[in-house]
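1. Fold the following.
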Amino acid sequence: MIDLYTWGTPNGRKVSIMLEECALPYRSHPIDIGKGQQHEPAFVAINPNSKIPAIVDPDGPGGKPFTLFESGAILLYLAKKTGRFLPLDERRQFETLQWLMFQMGGVGPMFGQAHHFLRAASEAVPYATERYVKESRRLYGVLDSHLKHHDYLADEYSVADIATYPWVARHEWHKVDLADFPQVKRWFEAIKARPAVVRGMQVPFLN
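-> Below is the predicted model of the structure:
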């Protein structure tokens with residue numbers, strides 16, 4: 001059984017959704033980042049970067065326990081472990097990876113900064129707020145344009161969708177109305193209806 005160390009954030013929920021979609025047995029261990037538990041020695045021993053999520057797979061490569069952090073790396077590891085949600089065809093695989101990297105390099109950092117300056121900053125910083133909200137909307141536009149011609153980010157449901165969905169689920173946090181991006185809304189509603197996604201979005205409080 002895989003041990004998942006997580007909290008109720010978009011990055012944490014990427015991995016719980018993936019575990020649910022792959023039907024892998026796991027235990028979730030809440031790491032309350034609001035209380036600083038990510039900096040406690042027991043967790044730093046698992047992830048020296050003091051960020052969630054992280055996993056410990058007792059049946060890792062070579063049948064040995066394996067510890068892994070960084071949500072994108074975990075998604076790719078689980079995809080390889082199960083043979084799911086990452087195409088084997090080389091062309092389609094790299095198409096999937098480019099959208100996964102788009103999430104990791106663009107959607108996550110930019111949406112996260114918008115969240116911070118809109119909700120958590122100790123003082124108003126109008127320049128930063130405008131910058132990150134504007135960039136978030138631009139990224140929504142990129143997604144919307146692409147999804148006019150694709151059901152999912154890489155044609156078939158994949159790690160790219162699993163990585164991006166939990167960030168879009170917080171669209172209200174960065175002042176985005178999905179009605180302004182109808183193709184994103186259609187994609188979002190389709191993924192939201194998946195039972196594994198429903199379960200994964202409730203972790204770490206589900207099990």
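
2. Strands along the chain, start to end?
-> For the chain, the strands defined by DSSP state E occupy 2-6, 26-30, 54-57, 66-69.

3. which intervals of the chain have sub-threshold pLDDT?
-> The model of the chain has pLDDT under 70 over residues 206-207.

4. show me what contacts residue 25?
-> The contact partners of residue 25, taken as CB atoms under 8 Å, 6 or more residues apart in numbering, are 1, 2. No exception for glycine: its C-beta is placed from N, CA and C like everyone else's.

5. any idea how far residue 3 is from it?
-> Here residue 25 is placed at a distance of 11 Å from residue 3 (CB to CB, to the nearest Å).

6. which ones are touching the residue nearest to residue 28 when sequence neighbours are not counted?
-> Leaving aside its chain neighbours, residue 28 sits nearest to residue 204 (4.2 Å; criterion: CB to CB, 6 or more residues apart in numbering). Taking CB under 8 Å, 6+ apart, we find residue 204 in contact with 4, 6, 7, 8, 12, 16, 28, 29, 30.

7. one step back: turn the strands of the chain into TSV, including distance to residue 123 and mean neighbour count.
-> As requested, those are arranged in TSV below (distance: least, CB to CB, whole Å; neighbours: other CB atoms under 10 Å):
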stretch	distance to residue 123	mean neighbour count
strand 2-6	30	23
strand 26-30	30	18
strand 54-57	32	22
strand 66-69	32	17
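
8. For the longest helix along the chain, buried residues please.
-> In the chain, with assignment by DSSP state H, the single longest helix is helix 126-147. Across helix 126-147, burial judged by 16 or more other CB atoms under 10 Å covers 129, 132, 133, 135, 136, 137, 139, 140, 143, 144, 146, 147.

9. Nearest to residue 200 among the residues you listed?
-> Ranked by distance to residue 200 (CB to CB), the buried residues of helix 126-147 are led by residue 143 at 20.4 Å.
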